[in-house]
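Q: Fold the following for me, if possible:
(one chain, ligands or ions: 1)
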Amino acid sequence: MLNQNEHSFHSKTIPGVALIIEDQKTFSSMLVTVLNAKLTCPTVVCATLAEAKLVLANSHEVISIAICDLTLPDGSNEEVIDAVQAHGIPVIALTGTFSEPLRNLLLRRGVVDYVLKRSLNSLEYVASLVERVTRNLQIKALVVDDSESSLTIIRHYLARQKITAICTKNPVEALAILEQEKDIQLVLSDHEMPHMSGVEFVTQIRKKHRKEKLAIIGISGSADKTLVAHFLKSGANDFIPKPFSYEEFLCRVTQNLQMLDLIKETLYVSNTDYLTGLYNRRYFFESGQVLVQEAATANQCCYLGVIDIDHFKRINDQFGHDVGDLAICFLAHTMQAFFARELVARIGGEEFVILFHGREQNYILDVLEQFRSHIEKTPFQLPGAVPANHNGRLSITVSIGCASGNGDLHALMKAADLRLYQAKEAGRNRLVAG
Ligand SMILES: Nc1nc2c(ncn2[C@@H]2O[C@H](COP(=O)(O)OP(=O)(O)OP(=O)(O)O)[C@@H](O)[C@H]2O)c(=O)[nH]1
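A: Next up is the predicted model:
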């Protein structure tokens, strides 16, 4: 089941503050505009190194990343980088010109990346880097390579992007690590290794881990021109030929992680109700059917509760659609709190469901009745100008139908819907189970 609380990929909020050290006012304000348009990213702008040092020494907020122009009136390239890195803050360097010696110096100094100040594209690239690097703090990668020097370089390149790396020379050990460390999202694998080739290693991984959840990048210096295709056909997402530059490595890793984020985001959007953040009808019927079948295989039955707000149309008519939406959200959040362990979804306008599996009947009937009573007794807060029944607060009631069954979610739904209809017919604000 998707974890509804894991929406970090969905949020574009950057933890902490981005420090911009840039003496060209036009450029810094354009950068602030682009960062704010693409991310929720508080920024602090300094025009000189002296100002930046003061901020670095006295900031009460965590500075998560610094975007530094290298040609400040009061400091050299290296002084700016040193001043920021002394506080353990990753640096994105901005430069008006490019030269090989400057590039080498920046890479030696461990900057995340350098960006040429050319166009709007450069600003957008900075924004995507800021987002990536701050997200990378949550990313764990597994690196498998029998060469000590390759492992060292890859570990170092990943650390520069703030990715945590677990390294091993042994692909068999790597498979075991992958089983233990469930939060690994990226695997980087060499090809020619003892015990197992990289291609075989990828094949083994793909028996259990899908491409959409775990990105694998093959890395090899082999002269065999068919190796890239072998890696990709066995399930790798990408391939980097050795030797590679830091820049290429950064771009490939970034693209693969962005792809995973995009897939997660698409899944989230297609499975979630936009208004409440609960699962939607599609997700409920897909994953609910699996749970119901699993329970049937274990000779257990599932219970389904269908909840409907009473006279909801009147709330819309009397107080407006926005207040109707607030009532829906209030109910949804209360359901999340009451039924944290169950599959809860909004399957229609003011119709919600809870699928109970592995629960005793007595528990289910008690908790549904407690929920009904809690909703009745707990008015929710209305926005200032809206008149209501108690001090700007509005009460709602719900009717609940509950039925049990095994094997067929649609049959269970029909039975619970019938109980809901009976609850409505009997006067609403009640639970009917059977
Ligand atoms: N505010 C708001 N209203 C919605 C939403 N989705 C559906 N509705 C409204 O929900 C109302 C449902 O009304 P009915 O199905 O007639 O039922 P009811 O008024 O709740 O009456 P009973 O269910 O018989 O107690 C309709 O007026 C829909 O327009 C939504 O997302 N937001």
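
Q: can you give me how far the helix or strand hosting Thr266 is from the chain middle?
A: Element membership of Thr266, judged by DSSP states H and E, is helix 246-271. Relative to its chain's centre, helix 246-271 lies at 11 Å (Cα atoms, centre = their mean, to the nearest Å).

Q: Downstream of it, the next helix or strand is which one?
A: Remark: after helix 246-271, the chain's next helix or strand is helix 281-297, criterion DSSP H and E.

Q: Quick one: mean pLDDT for whichever helix or strand comes after that next one?
A: Scanning forward in sequence from helix 281-297 by DSSP H and E, the next helix or strand is strand 302-309. Mean pLDDT, computed over strand 302-309, is 98.

Q: Stretch 34-47 now?
A: The pLDDT scores in stretch 34-47 average 91.

Q: now swap in stretch 230-240 and tell me
A: Averaging pLDDT along stretch 230-240 gives 97.

Q: got the contact list for that stretch?
A: Identification of contacts with stretch 230-240 by Cβ atoms under 8 Å, 6 or more residues apart in numbering yields 189, 191, 198-200, 202-203, 205-206, 211, 215-220, 227-228, 248-249, 252, 255-256, 259. For the C-beta atoms, the positions are set from N, CA and C on the backbone; glycine is no exception.

Q: Of those residues, which belong to helices?
A: Using DSSP state H, the members of the contacts of stretch 230-240 that fall within helices are 198-200, 202-203, 205-206, 227-228, 248-249, 252, 255-256, 259.

Q: top of those residues by neighbour count?
A: Highest neighbour count within the ones in helices among the contacts of stretch 230-240: Gly198, with 27 neighbours (other Cβ atoms under 10 Å).

Q: Export stretch 95-111 to PDB, keeping only CA atoms.
A: This file holds the C-alpha atoms of stretch 95-111, laid out as PDB (Å, rounded to 0.1, in the frame of the first residue of the first chain):
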ATOM      1  CA  THR A  95      30.300  32.200 -12.900                       C
ATOM      2  CA  GLY A  96      30.200  34.700 -15.700                       C
ATOM      3  CA  THR A  97      33.000  33.000 -17.700                       C
ATOM      4  CA  PHE A  98      34.200  29.400 -18.100                       C
ATOM      5  CA  SER A  99      37.800  28.100 -18.300                       C
ATOM      6  CA  GLU A 100      39.300  24.700 -17.800                       C
ATOM      7  CA  PRO A 101      41.500  25.900 -14.800                       C
ATOM      8  CA  LEU A 102      38.400  27.500 -13.200                       C
ATOM      9  CA  ARG A 103      36.400  24.300 -13.700                       C
ATOM     10  CA  ASN A 104      39.300  22.200 -12.200                       C
ATOM     11  CA  LEU A 105      39.600  24.600  -9.200                       C
ATOM     12  CA  LEU A 106      35.800  24.400  -8.500                       C
ATOM     13  CA  LEU A 107      35.700  20.600  -8.700                       C
ATOM     14  CA  ARG A 108      38.800  20.400  -6.500                       C
ATOM     15  CA  ARG A 109      37.100  22.600  -3.900                       C
ATOM     16  CA  GLY A 110      34.100  20.200  -3.800                       C
ATOM     17  CA  VAL A 111      31.300  22.500  -5.100                       C
END
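
Q: Could you list the buried residues of it?
A: Across stretch 95-111, burial judged by 16 or more other Cβ atoms under 10 Å covers 95, 103, 105-107, 111.

Q: which of those residues sit farthest apart?
A: Maximum pairwise distance among the buried residues of stretch 95-111 (Cβ to Cβ): 12.7 Å, between Thr95 and Leu107.

Q: what secondary structure does the closest residue to Ile166 other than its chain neighbours sit in?
A: Nearest residue to Ile166 in three dimensions, chain neighbours excluded: Leu142, at 5.2 Å (Cβ to Cβ, 6 or more residues apart in numbering). Here Leu142 is recorded as strand under DSSP: H, G, I helix; E, B strand; the rest coil.

Q: what about Leu94, which helix or strand?
A: Leu94 belongs to strand 91-95 when elements are defined using DSSP H and E.

Q: Give the rounded mean pLDDT of that strand.
A: Per-residue pLDDT over strand 91-95 has a mean of 95.

Q: same for whichever helix or strand comes after it, what does it pack against?
A: Going down the chain from strand 91-95, the next helix or strand is helix 100-108, by DSSP H and E. Identification of packing neighbours for helix 100-108 by 3 or more Cβ pairs under 8 Å, 6 or more residues apart in numbering; DSSP states H and E yields helix 77-85, strand 91-95, strand 113-116.

Q: Of the ones you listed, which is nearest the ligand?
A: Relative to the ligand, the nearest member of the helices and strands packed on helix 100-108 by Cβ to the nearest ligand atom is strand 91-95, separated by 42.2 Å.

Q: For the closest one, which helices and strands make contact with it?
A: Strand 91-95 makes packing contacts with strand 63-69, helix 77-85, helix 100-108, strand 113-116, helix 120-136 when contacts are defined by 3+ Cβ pairs under 8 Å, 6+ apart.

Q: try 7 Å
A: Identification of packing neighbours for strand 91-95 by 3 or more Cβ pairs under 7 Å, 6 or more residues apart in numbering; DSSP states H and E yields strand 63-69, helix 77-85, strand 113-116.

Q: tell me which parts of this structure are close to the ligand?
A: 275, 308-313, 316, 321, 324-325, 328, 349-350, 424, 428 (Cβ under 6 Å from any ligand atom).

Q: Distance of Gln300 relative to the ligand?
A: 31 Å (Cβ to the nearest ligand atom, to the nearest Å).

Q: contacting residues around that residue?
A: By Cβ atoms under 7 Å, 6 or more residues apart in numbering, Gln300 lies in contact with Gly358.

Q: Ok, the one 4 residues further on next?
A: Leu304 is in contact with 353, 355, 402-403, 412-413, 416, counting by Cβ under 7 Å, 6+ apart.

Q: I'd like to know which of those is nearest to Arg393.
A: Val353 (26.8 Å).

Q: Phi first, then psi, for that closest one.
A: Torsion angles at Val353 (phi, psi; degrees, to the nearest 10) stand at phi -130, psi 150.

Q: any idea where the helices of the stretch 301-434 of the chain begin and end?
A: 312-319, 321-338, 361-377, 409-425 (DSSP state H, counting those that start in this stretch).

Q: do you know which of these lies nearest Cys46?
A: Nearest of the helices of the stretch 301-434 of the chain to Cys46, taken as Cβ to Cβ: helix 321-338 at 41.0 Å.

Q: and the closest one, what's its mean pLDDT?
A: 96.

Q: Give the residue spans of this protein that score low on pLDDT.
A: Along the chain, segments meeting pLDDT under 70 span 1-11, 385-390.

Q: In the stretch 151-300 of the chain, what residue comes closest to the ligand?
A: Closest approach between the stretch 151-300 of the chain and the ligand, counting by Cβ to the nearest ligand atom: Leu275, at 5.8 Å.
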